[in-house]
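Colleague: Turn this into a structure:
(2 chains)
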2 protein chains.
Amino acid sequence: MKLINKEINDKYTDLHLFNNFIDQKVTLKGNIHKVRNMKEFSFIILRTERELIQCIFSKQVSNFDIFAINEGDFVIVDGIMVKDNRSKSGYEIQINNIEVLSSLSEDLPFTINSKVLDLTTDTKLKYRSISLRHPKERAIFKIQEGIVRGFRDYLYKQNFTEIHTPKLVSNGAEGGANVFELDYFGKKAYLAQSPQIYKQAMVGVFDRVFEVAPVFRAEKHSTNRHLNEYISLDLEMGFIDSYEEIMKMETAMLSHIISLLNDMYRNELNLFNVELPIINEIPAISFNEAKKILSQINPSIDEDHDDLSPEEERLLGKHAKDNYNSDFLFITKFPSSKRPFYTMNDKENEMQTLSFDLLFKGIEITTGGQRIHDYEMQLEKLISRGLNPVDFENYLIIHKYGIPPHGGLGLGLERLTMKLLNLNNAKLASLFPRDINRLTP
Amino acid sequence: MKLINKEINDKYTDLHLFNNFIDQKVTLKGNIHKVRNMKEFSFIILRTERELIQCIFSKQVSNFDIFAINEGDFVIVDGIMVKDNRSKSGYEIQINNIEVLSSLSEDLPFTINSKVLDLTTDTKLKYRSISLRHPKERAIFKIQEGIVRGFRDYLYKQNFTEIHTPKLVSNGAEGGANVFELDYFGKKAYLAQSPQIYKQAMVGVFDRVFEVAPVFRAEKHSTNRHLNEYISLDLEMGFIDSYEEIMKMETAMLSHIISLLNDMYRNELNLFNVELPIINEIPAISFNEAKKILSQINPSIDEDHDDLSPEEERLLGKHAKDNYNSDFLFITKFPSSKRPFYTMNDKENEMQTLSFDLLFKGIEITTGGQRIHDYEMQLEKLISRGLNPVDFENYLIIHKYGIPPHGGLGLGLERLTMKLLNLNNAKLASLFPRDINRLTP
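Modeller: Coordinates of the predicted model:
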């Protein structure tokens, strides 16, 4: 018997505390990102988990053969940290020794130490575990971590409970097409398109809930904004007076995310030429207003009276930027015909719903709204749509046994990441994206 | 156009600050958990999102009809908070008014305001959105939230990056049976059994990564410890000297979880008659030692020389408690034959691996170990198992293009929750469990 203790005896220097280590011995772990041989010495750029560190080989202080070190090696570097105002980090490492832990068996399929990774999206995705070693490609996902962290942080503070709902379900939440089907021990099962009915059910238990989890859509689109599996940031909250409370919650949550990114992910953000939006308030226009504005911009654009096309969303995004100086725009009160059966109708006009989308730089990133909590009202709406209440027995339990007025939203993580960093494809904001032609790597 | 701001104008009193509200007006939201009519007044127990609050109806101060209030109603309560040392919370609410927001359309299928919810597991699971309203059933998931929160908190501090890997994959990670299969636009796809190959790939990018996500196992078991969909807490870390570093990381991470639970989830823990384990160090014995101990306990127990049966795990758990006073026990160096193809063999004995399980109260909650990082070594191990390297092309990319020495683990969230709270079934630690007979609700 042996005892395993919890003392994590870290042999590596914590670079976040680098000021403590000036003129001292340090031990770093990382990848040889670049070697540049000068006349008298060599620059070795070490890629650590979040940074590029300038290291110096010189015959005076370094006890190893520079030609034994290759780009791509994973190494441990021992050296002295010295102040250097020319380097980005404010310091450089004079290397005493390098230990090579592992090397390439084959040359990399492309260079990853250029400033920009100039490859097609397809190549980036095919060699995902290599292309993500590029500092800028990798930074997308560090920033994405910050988005999720900000989402959770904010909601914990607002007394939300984190939940985990099943992805294997007996019928699609939105009741219909575009679901992946599979055999579940002889029964038909589907992959959940959204945690919708489960998060509603949990409002009666925890009042406010959220979930960060994959959702699955069997859509045959192959566009730069669709993914067949994506991460949905979902929340649902009880005791609301109005669907506008959900919009306020989203505004405050997004504002928190932005300030967390500014505080904790500055290095990564600096790799992108973007200014983060400042969110104090977000303009909101109704669907009808939006259609009016669109008809003024281009009278022939209206293809579907009851919905907004991607082109219409783009134009509305531009309108919000030009007129309200906002990257964000809420569109409210969508027609009832285009919203799911659980959406509450507007009492003032039964043709429209207490719902909203949030556009960010002209693309829909959120759908949300108030849900029906009254049993009779929900029964009526199901029947009016030709749906059979018997098929919704498990769902209707929450209405039958009482649920407070409530509503919520779903936010697509990859789309938010994409637009925040001005990427041209949501696939580049997914580590291993799934689309109609892509199931690997 | 209207502006939605981020001021969340909370009309409800924050009970965490209750000391600020003594003798003041408060507004609470919640569910009528229990009404008890006395001669001169009535007790109304309000169930808020985390607590039971004692409220008093009396004709002197209350302006509503007590007979209009029913158990199960979702309500808003206005009243005065007064000190009361007999109530658990230290205060009670003298109600002025109650507004009923929604009521039951049908009587609840069972009583949820008893001290213990005395129902079969099947009934609890069938009426999940009702049974979870019971304070003790609900507390399981609040504590589960704390476990996940502690896991993430600790790993963030240790410079891990949170990742999201795909659940739709082109082949099963562990290469074999027990995977759910589905049609993916005309191709065969599978539901990921683990994020194994993806988290390994991300070690080359971020060095240390973790993920909290569902995994899927098409196992036909129907036991109290199996689920066909469960939440796996995964981590993977680079630059390790030994698989024992991963065990240390787990020890420290579990210790952090326990102290977070003690700090933030005390109310919920008090509903369970459990003492949280104190984790400073965890005993570790090798697989061979474990088999020796077992043969001393019961010479006829060894059914499989290369693995541990549930009964053997139970006996080892008891052994650890009796001999080392520990609820936890690491078993190390499992035989190579029973560990997956990516597990590194022990140089000192090629028949065994640099791997471990963690038992908690006699049940396996974690499997982990060091992985092969060398390309040739991985090729050899695949071939020696009769596997075709061509089928592992996407996996081998990380070895071909270099990856540091690394390892990691997966921890089953529901099992940890179950054993922490001494539940008798892992299904009770899943909001909506999936088993061979259960795909609803």
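Colleague: only C-alpha atoms for contact and neighbour calcs from this point on.
Modeller: Noted.
Colleague: how about the helices in the stretch 251-400 of chain A?
Modeller: A:266-269, A:287-297, A:310-324, A:375-384, A:393-400 (DSSP state H, counting those that start in this stretch).
Colleague: Now do the same contact list for residue A:427.
Modeller: Neighbour list for residue A:427: A:224, A:225, A:226, A:227, A:414, A:433 [criterion: C-alpha atoms under 8 Å, 6 or more residues apart in numbering or on different chains].
Colleague: same check, this time on residue A:165
Modeller: Taking C-alpha under 8 Å, 6+ apart as the test, what residue A:165 contacts is A:195, A:198, A:199, A:211, B:431, B:432.
Colleague: Equivalent analysis for residue A:436, please.
Modeller: Here residue A:436 is in contact with A:220, A:221, A:222, A:228, B:184, B:185 (C-alpha under 8 Å, 6+ apart).
Colleague: I figured residue A:224 hits residue A:428, correct?
Modeller: No. Here residue A:224 does not reach residue A:428: they are 9.3 Å apart, not a contact under C-alpha atoms under 8 Å.
Colleague: For the two, indicate the residue with more neighbours.
Modeller: Higher neighbour count among residue A:224 and residue A:428: residue A:428, with 23 against 14, using other C-alpha atoms under 10 Å in any protein chain shown.
Colleague: Need the per-residue pLDDT for residue A:399.
Modeller: pLDDT recorded at residue A:399 is 95.
Colleague: gap between it and residue A:408?
Modeller: Distance, residue A:399 to residue A:408, by C-alpha to C-alpha, to the nearest Å: 16 Å.
Colleague: Same check on residue A:305?
Modeller: Counting by C-alpha to C-alpha, the gap from residue A:305 to residue A:408 is 25 Å.
Colleague: More neighbours: these two, which one.
Modeller: Neighbour count, other C-alpha under 10 Å: between residue A:305 and residue A:408, residue A:408 has more, with 28 against 10.
Colleague: count of residues packed around the closest residue to the more buried one other than its chain neighbours?
Modeller: Distances taken as C-alpha to C-alpha, 6 or more residues apart in numbering or on different chains place residue A:236 nearest to residue A:408, at 4.0 Å, with adjacent residues excluded. Using other C-alpha under 10 Å, residue A:236 is surrounded by 28 other residues.
Colleague: Now do residue A:236 against chain B, distance only.
Modeller: 13 Å (C-alpha to the nearest C-alpha, to the nearest Å).
Colleague: go on, residue A:424?
Modeller: From residue A:424 to chain B the distance is 20 Å (C-alpha to the nearest C-alpha).
Colleague: Any part of the lengthiest helix in chain A near chain B?
Modeller: Across chain A, the longest stretch assigned as helix under DSSP state H is helix A:135-157. Yes. Judged by C-alpha under 8 Å from any C-alpha of the partner chain, helix A:135-157 comes into contact with chain B at A:138, A:141, A:142, A:145.
Colleague: which outside residues touch that helix?
Modeller: By C-alpha under 8 Å, 6+ apart, helix A:135-157 touches A:51, A:116-117, A:131-132, A:161, A:210, A:212, A:233, A:253-254, A:256-258, A:260-261, A:264-265, A:268-269, A:271-272, A:413, A:417, A:421, A:429, A:431, B:161-163, B:205.
Colleague: Let's see that with 7 Å instead.
Modeller: A:131-132, A:253, A:256-257, A:260-261, A:265, A:268, A:271, A:417, A:429, B:162 (C-alpha atoms under 7 Å, 6 or more residues apart in numbering or on different chains).
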